[in-house]
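K.L.:
Below are the sequence and a predicted model; questions follow.
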Amino acid sequence: MPLQAAGMAFSYLAAASVASAILAVTRRNPVHSMLWVLALFLHVAGIFLMAGAQLLAAVQVIVYAGAILVFYLFVLMLLDLPSETAGPRFGAHWPLCAAAGIAFAALAWYAEEPGLASSAGRTADGGPRPVSLSEVGTALFTQFALPFEIASLVLLAAIVGAVVVAKRKKES
Amino acid sequence: MVPVGACLGLSAILFGIGLIGFLARRNIILVLVSVEIMLNAVNVSLAAFSQHLHDPRGQILALFVIAVAAAEAAVGLGLVIALGRNRPGISMEELTDLKW
């Protein structure tokens, strides 16, 4: 891909993800918010692709957009909150919250290390080498095999915990 | 290939937006979704570092972040269902039973 086209694609993806994140946080109807979050997740998947993380892009679409977001939508529709769209969508202290968020983003923006854009990990011709999918897979199933298995235990515990918490108590 | 600085700036902005949503929204489900936005912002910076340093560990850490986010969604929404069954509304401002 030519460099300029890649830059334009990244600019579009970044602008669209920021815009859909702002819309997701500010929409009054929770279902509309969810759909903007879906747009955000798909654009972030595009950014993953541009950063050379194909596996992350696929997992982002399948797990985040496909499973987690649908789960949120199910619960949102299960609870059915007609009163929710009538009241104010933000708490009374929202200017303070907005100031905190903007201050954090500004701090994270300016805290970037000057030496970060150094030549570490670059090839001789100056361009970064992409991490190949097989490298990720090899590391995941050799060096990180134990954490990988523990992740399945974490998910099992979370599922059992969710069932226990959400279960209807027997009348006694 | 995208420059790492641009990815980090985007990540900072997305995290800030998620933080605003987490602190300011009244709907408890949207508060949980804002947490997901913040986790996604962190994943963007992890992927950028993985590309910049040519190290697959960044992507693997992002995969574990996604797994933990799924677990968090399951437990958090279980709590929301239990709350919604026992109370009329699930606004953050009404959940003050533990306040002193």
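P.N.:
Okay, I see it. Bear in mind the structure is a predicted one, so any value in this text is a computation, not a measurement. Numbers count the residues shown, from 1 in each chain, chains lettered A, B, ... in the order given.

K.L.:
Which positions in the longest helix belonging to chain B come out as buried?
P.N.:
In chain B, with assignment by DSSP state H, the single longest helix is helix B:57-86. Neighbour counts over helix B:57-86 (16 or more other C-beta atoms under 10 Å in any protein chain shown) mark B:57-67, B:69-84 as buried. C-beta here means a position set from N, CA and C on the backbone, and glycine is covered the same way.

K.L.:
residue in chain A nearest to chain B?
P.N.:
A:Ala105 (2.8 Å; C-beta to the nearest C-beta).

K.L.:
out of the buried residues of helix B:57-86, who's near chain A?
P.N.:
B:57, B:59-60, B:62-64, B:66-67, B:69-75, B:77-82, B:84 (C-beta under 8 Å from any C-beta of the partner chain).

K.L.:
Any regions of the chain where pLDDT drops low?
P.N.:
No chain was given, so I picked chain A. A:1, A:80-87, A:113-129, A:170-172 (pLDDT under 70).

K.L.:
oops, I was thinking of chain B
P.N.:
B:1, B:99-100.

K.L.:
For chain A, what's its nearest residue on it.
P.N.:
Counting by C-beta to the nearest C-beta, chain B gets nearest chain A through B:Gly16, at 2.8 Å.

K.L.:
Now do the same contact list for that residue.
P.N.:
By C-beta atoms under 8 Å, 6 or more residues apart in numbering or on different chains, the contact list for B:Gly16 reads A:101-102, A:104-106, A:108.

K.L.:
Now with 10 Å, please.
P.N.:
B:Gly16 makes contact with A:18, A:21, A:98, A:100-109, B:38, B:41, according to C-beta atoms under 10 Å, 6 or more residues apart in numbering or on different chains.

K.L.:
Surely it forms part of a helix?
P.N.:
Yes: counting by DSSP: H, G, I helix; E, B strand; the rest coil, B:Gly16 is located in a helix.

K.L.:
Now it. Nearest residue, chain neighbours left out?
P.N.:
Leaving aside its chain neighbours, B:Gly16 sits nearest to A:Ala105 (2.8 Å; criterion: C-beta to C-beta, 6 or more residues apart in numbering or on different chains).

K.L.:
show me the contacts for the one you found.
P.N.:
Taking C-beta under 10 Å, 6+ apart, one finds B:9, B:11-20, B:41 in contact with A:Ala105.

K.L.:
so which helix or strand takes in it?
P.N.:
helix A:94-110 (DSSP states H and E).

K.L.:
May I see the buried residues of that helix?
P.N.:
A:94, A:97-98, A:100-101, A:104-105, A:108-109.

K.L.:
and what of stretch A:55-71?
P.N.:
Neighbour-count burial for stretch A:55-71 flags A:55-57, A:59-61, A:63-65, A:68-69 (criterion: 16+ other C-beta under 10 Å).
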